[in-house]
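In: just coords:
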């Protein structure tokens, strides 16, 4: 460390102490830590994700028409109109404005992501904590069930859950909740496993034992000591899951489990309707909603991947010059074991 | 009780989180034989859990007959048909009956077309199998060499391009990839057929073939007609690329991560100091061990492939299980839907077993 570090290098966080204030926030921290190509990927991802969030928030201002608008004072839009000055991206086979539906679709996607991720985190973390902390038969049963569900094709599972919830298509709130719950069912096993593995590891740490010795209750240990530490890997899984949620939602919509076009705009549904257009060479109805999906998933995945790479010492590009290599971001899915080059068992299944 | 799982943390999207084989060693660990036995026996609870989950979920909505024909039949006739099919009995009795039928290999009869579900599964399963096979070839041919290249040129521009390509591969929904391919190569350029598994003429020839397997590639080879064979292959190109690229992205990233890992390991360092050429280092020393995790991840890829196949088949009207699934869903034929889902569960459980066995044979650490 005797080398002259670049002035603003984060290595100044001497002794590997956590930076304070906004610099310690998850994504900001990684952004400061990254260099070169990795920073480029992270920034690109953050930009795309930001664009998506802004579009979703300001959809009513940005969209030229309503998502279910078929006519304006000048008369009906007409079906399958090529892009023009009135309809920049053309109109769909159902006579909707493509641009408006693409913009409004971001709002539907965001709602589904938020609902699905919140539900999965609450349920998954709770189950993971209980499973890992108490162990025993409950733990075994939960893990076997989670494994079975995890290995199963998620789209098929989402379809089955979708059938249960609404027998197919439905209204805005119903459709969004149905999609969100379908996705939740897929995600809960992942959160359960990750949190459980961490919990099992943390349970054996000295500070948990100390807390127990001084007479802290089970609930206090779980909520203060274990919970805080076991959930540090979640930001990463969260971004990756958000992108998976979008793909699942679009897949469901494409298979006809979408939300009715009068209730909300959904990209997957629009693509299903555009399927027959493609054969007759009409490209604008499919290309734009599809690109929207790709860009959002790309953005989220770039963020998630960058965070993961930065957390893995093997993959992190090091800043040239002398910086502290010990500064491992705390978002790795495989925190401690990541430095071990073998692929064997990072999550250490101690209890099983 | 011990269990093993091949998992990729974070929804199959976290690099570095190589497959985990959870194993508890009991005083140095048992032999390969006992591992295989325990692992084999674990197939059954897995299938059982999935079958039960699906059964419970499907029945939460009510009985299949009401779902399929409710509203279209008078109430009295509906009730009579429900009674005739035995759906008015207690749910536990029906569940037990369903399980015993499954054990005997009987999946029931589809409500919409009256076909035996088992027969439907074998007919359309062959088509899905064929598609999955082509897709895996694309995935291997594209994913593995490119992953190696990216690892070798780590942090230089080709690596960046390849990584973005890999992310694009799984950021693009298969059906959108399919639509784009169709638009460009089938509609605009007219090089390849738009949809289907073969042209009508060829399809008839193939299906009337004696002892037809349903796998068109095999049937076309047996038929010995070059035109039919090229027709079949032409139809397969676009669906195979659409579905294969999805998995190729995963392979690319996994190979890259693992080769980087092995390139930095002690034995590669040792070989390098002995003067082994960089080329040889990459080809022999770093590459081979990096492939082991691929074997274990294929288990999870099967699930991804099955899900992707449903979407690909719908996009290209490839008449396999996925295409049928959507048809049955639209007809609200839940007996058939349940049959397809249960078959998927069995496939996933068996493939994961096979993968775990291979992993155990390759890597002695993955044992109980």
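Out: That came in fine, so what should we check first? Here the structure is a predicted model, which means the values were calculated and not measured.

In: I figured residue B:85 hits residue B:65, correct?
Out: Yes - assessed by Cβ atoms under 8 Å, residue B:85 is found in contact with residue B:65 at 6.1 Å. C-beta coordinates here come from the backbone N, C-alpha and C atoms, glycine included.

In: Any stretches of chain B with poor pLDDT?
Out: For chain B, the stretches flagged by pLDDT under 70 are B:1-30, B:70-71, B:363-368.

In: longest single helix anywhere in the chain?
Out: Since you didn't name a chain, this refers to chain A. Looking only at chain A and at elements set by DSSP state H, the helix with the highest residue count is helix A:98-134.

In: wait, I meant chain B there
Out: Max-length helix for chain B by DSSP H is helix B:226-263.

In: Identify each buried residue in that helix, please.
Out: Residues B:228-229, B:231-232, B:235-263 are the ones in helix B:226-263 that count as buried (16 or more other Cβ atoms under 10 Å in any protein chain shown).

In: And for stretch B:189-204?
Out: In stretch B:189-204, counting by 16+ other Cβ under 10 Å, buried: B:192-195, B:197-199, B:202-203.

In: filter the residues you listed down to the ones close to chain A.
Out: B:194-195 (Cβ under 8 Å from any Cβ of the partner chain).

In: can you give me the strands for the stretch 201-350 of chain B?
Out: With DSSP state E, counting those that start in this stretch as the criterion, the stretch 201-350 of chain B has no strands.

In: How about the residues of it by chain A?
Out: So the stretch 201-350 of chain B meets chain A at B:257-258, B:260-262, B:264-265, B:292-293, B:299-300, B:303-304, B:306-307, B:310-311, B:314-315, B:325-326, B:329-330, B:332, B:334, B:337, B:340-341, B:344-345, B:348-349 (Cβ under 8 Å from any Cβ).

In: Which members of these are classed as buried?
Out: Counted by 16+ other Cβ under 10 Å, those give B:257-258, B:260-262, B:292-293, B:299-300, B:303-304, B:306-307, B:310-311, B:314-315, B:325-326, B:329, B:332, B:334, B:337, B:340-341, B:344-345, B:348-349 as buried.

In: how near is the closest residue to residue B:272 other than its chain neighbours to residue A:201?
Out: Once flanking residues are discounted, residue B:272 sits nearest to residue B:281: 6.0 Å by Cβ to Cβ, 6 or more residues apart in numbering or on different chains. Taking Cβ to Cβ, to the nearest Å as the measure, residue B:281 falls 35 Å from residue A:201.

In: for residue A:145, same thing?
Out: Separation of residue A:145 from residue A:201 (Cβ to Cβ): 22 Å.

In: What of residue A:61?
Out: Distance, residue A:61 to residue A:201, by Cβ to Cβ: 48 Å.

In: cool, and residue B:95?
Out: 39 Å.

In: Compare those two (neighbour count), which wins?
Out: residue A:201 (19 against 15; other Cβ atoms under 10 Å in any protein chain shown).

In: pretty sure that one belongs to a helix, no?
Out: Yes - assigned with DSSP: H, G, I helix; E, B strand; the rest coil, residue A:201 falls within a helix.

In: picking that back up, residues near the residue nearest to residue B:272, how many?
Out: As a measure of burial, residue B:281 has 18 neighbours, counting by other Cβ under 10 Å.

In: Would you confirm that it contacts residue B:274?
Out: No - using Cβ under 8 Å, residue B:281 makes no contact with residue B:274, being 10.1 Å away.

In: For the stretch 51-200 of chain B, which residues are neighbours of chain A?
Out: Counting by Cβ under 8 Å from any Cβ, the positions of the stretch 51-200 of chain B adjacent to chain A are B:53-54, B:57-58, B:60-61, B:67, B:155, B:159-160, B:163-164, B:167-168, B:170-173, B:175-176, B:179-180, B:182-183, B:187-188, B:194-195.

In: How far does the longest helix of chain A sit from its chain's centre?
Out: Helix A:98-134 has its C-alpha centroid displaced from the chain centroid by 8 Å (Cα atoms, centre = their mean, to the nearest Å).

In: Quick one: residues contacting residue B:221.
Out: residue B:229 (Cβ atoms under 8 Å, 6 or more residues apart in numbering or on different chains).

In: got the phi/psi numbers for residue B:199?
Out: Residue B:199 adopts backbone torsions of phi -70, psi 160, taken as degrees, to the nearest 10.

In: Would you agree it is in contact with residue B:192?
Out: No - the pair residue B:199 / residue B:192 is not scored as a contact, 11.9 Å apart, by Cβ under 8 Å.

In: which neighbours do the two share?
Out: residue B:235.

In: quick one, helices of the stretch 151-300 of chain B?
Out: B:157-171, B:174-181, B:200-207, B:216-223, B:226-263, B:266-273, B:278-280, B:287-316 (DSSP state H, counting those that start in this stretch).

In: for chain A, same thing?
Out: All helices of chain A, identified by DSSP H, fall at A:26-33, A:36-57, A:59-62, A:98-134, A:136-151, A:154-166, A:172-203, A:206-213, A:218-220, A:227-230, A:234-252, A:267-279, A:284-311.

In: Export these to JSON lines and append columns for mean pLDDT.
Out: Below are those laid out as JSON lines (pLDDT from 0 to 100):
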{"stretch": "helix A:26-33", "mean pLDDT": "70"}
{"stretch": "helix A:36-57", "mean pLDDT": "84"}
{"stretch": "helix A:59-62", "mean pLDDT": "78"}
{"stretch": "helix A:98-134", "mean pLDDT": "86"}
{"stretch": "helix A:136-151", "mean pLDDT": "82"}
{"stretch": "helix A:154-166", "mean pLDDT": "78"}
{"stretch": "helix A:172-203", "mean pLDDT": "81"}
{"stretch": "helix A:206-213", "mean pLDDT": "80"}
{"stretch": "helix A:218-220", "mean pLDDT": "77"}
{"stretch": "helix A:227-230", "mean pLDDT": "73"}
{"stretch": "helix A:234-252", "mean pLDDT": "81"}
{"stretch": "helix A:267-279", "mean pLDDT": "81"}
{"stretch": "helix A:284-311", "mean pLDDT": "84"}
